[in-house]
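Below are the sequence and a predicted model; questions follow.
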Amino acid sequence: MKSRFTFLLAICFFAGANAQSNLFIDTSYTAEQMVMDFFANSCATPSNVTYNGAPATMAFFEGANTNLGVNAGILISTGDVTQVANDVSFFANTNTNSAGDLDLEGLNGGFPSYDASILEFDLTVADDGDMDFQYVFGSEEYPEFVNSSFNDVFGFLVSGMGAINNIALVPGANIPVSINNVNGGLNSQYYIANDTLGNADLAFDGMTTPLQATFMAIGGNTYHVKIGVSDIGDGVFDSGVFIGIESLCGDSLLAPPADALFAVSGNTVTFENLSRYATSWHWDFGDGTTSDERYPGPHTYAQDGQYIVTLTTHNWCCEDAYQIEVQIGASATGEATQKPFSIQPNPATDWLQLSLPNTEAVDYQLLDLAGRTVLQGSVAADTKLDLRELTPGAYLFLVKNERGVYTEKLMVK
């Protein structure tokens, strides 16, 4: 049992714990990157994305091989998100000394809040109908502090059409999801006791089952979304909310777009991994050597020549590959090879101009974030591409010539 009087001792005791969790946490992405990549689609267009919280309280997560029930998405927490990826015996506890949030306090009877983490964005909806967020709420407050004033809480606040509503409600009840409202004794059908199960993947002692936060939207209108989580009563015992990529008509699959840059100095090449949403990486340097490091150290080639370097990315569902040509020797410039194409405008709407400065034959593909080809062809001159049948969102534009494969992210509005 975790006591508030012994939490400092618990921190010391568990500081070295690092179980082999299947929960993958990556803090390298911004809130804007993730919201636009996950939720910009034919149903809705996000904009004006902001995040307010202490460092390391927001991350990309992949939990497909855990009992979380949500494959991947955005995790926001009252503490250090990297601590969540430990077994349940670990004590996820970070007092960030951040401010609370009055809106969240209003959901919890006015008790003071601490360590608030807030994700906000505007959302322009395409058509009339329900808009859903898929989420799981978890906390270290379970089960010891159920029915106490330490009732950590979060909210999905949606404002528009003259009202502000919290849509993170217990199914069938007009009460917010919180420690005191979903637990082993109340609404227990929506509660998972990780401590009893001996969960090897998540530090939170308890969590909800996957739930939906739903609001009725009117097409053409813009709503403001505020997703927040906060400690209540004090700033210890972390809580967090996992927001699934399936939210807001999002896809259940997520491609891990592979991309990289490099710089040459003599026979040594430094690589920069620009890939997103992968959980494993494989580099083939083209000279018989490989690496599975995300950020491999500088690679030295024994002989001059041309080498094709391939970066392959994987996550729980999908994979992607990116190839670049490295020239070692007298003709090496020390700079990264220039892409043999450019696209504009970006973001685009109805049309996209594909420019080929060298006027050479290339194959092109446009992939959505699930890795599906939505546009492809072969050209040898500047070409105007029709995007009018595409849904708004993030895409990967891929060009292949005799030297390699090159990619660039494209946003379609």
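Sure, I can see it.

how about the strands in the stretch 201-350 of the chain?
Using DSSP state E, counting those that start in this stretch, the strands assigned to the stretch 201-350 of the chain run over residues 206-208, 211-217, 222-232, 239-244, 260-265, 268-273, 280-284, 290-291, 299-300, 305-314, 319-328, 342-344.

neighbouring strands for the fifth one, and are they parallel or not?
Under the criterion DSSP bridges, strand 260-265 sits next to strand 268-273 (antiparallel) in its sheet.

if you average pLDDT over the strand it pairs with, what comes out?
In this model, strand 268-273 has a mean pLDDT of 93.

Equivalent analysis for stretch 405-413, please.
Rounded mean pLDDT across stretch 405-413 is 80.

repeat for stretch 131-145
In this model, stretch 131-145 has an average pLDDT of 93.

now stretch 381-389
Mean per-residue pLDDT for stretch 381-389: 91.

from the chain's centre, how far out does stretch 396-412 sit?
Relative to its parent chain, stretch 396-412 has a centroid offset of 22 Å by Cα atoms, centre = their mean, to the nearest Å.

Only the buried residues of that stretch, if you could.
396-401, 404-410, 412 (16 or more other Cβ atoms under 10 Å). Every C-beta, even on glycine, is put in place using the N, C-alpha and C of the backbone.

so which pair among these is furthest apart in space?
Pairwise distances across the buried residues of stretch 396-412 (Cβ to Cβ) peak at 25.2 Å, for the pair 404 and 412.

Between the strands of the stretch 201-350 of the chain, which one is closest to residue 51.
Nearest to residue 51 among the strands of the stretch 201-350 of the chain is strand 222-232 (9.8 Å), distances taken as Cβ to Cβ.

Which elements pack onto the closest one?
When contacts are defined as 3 or more Cβ pairs under 8 Å, 6 or more residues apart in numbering; DSSP states H and E, strand 222-232 packs onto strand 72-77, helix 102-106, strand 113-125, strand 153-160, strand 239-244.

Can I get the ones you listed in CSV including mean neighbour count, mean pLDDT and distance to residue 195?
As requested, those are exported to CSV (neighbours: other Cβ atoms under 10 Å; pLDDT from 0 to 100; distance: least, Cβ to Cβ, whole Å):
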stretch, mean neighbour count, mean pLDDT, distance to residue 195
strand 72-77, 27, 97, 18
helix 102-106, 17, 80, 25
strand 113-125, 22, 91, 22
strand 153-160, 24, 89, 20
strand 239-244, 28, 96, 15
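
my guess is residue 279 meets residue 315, correct?
Yes: if you go by Cβ atoms under 8 Å, residue 279 and residue 315 touch, sitting 4.9 Å apart.

Overlap in contacts, those two.
62, 256 (Cβ atoms under 8 Å, 6 or more residues apart in numbering).

follow-up on the earlier one: return the closest of the buried residues of stretch 396-412 with respect to residue 164.
Residue 164 lies nearest to residue 412 out of those, by Cβ to Cβ, at 30.9 Å.
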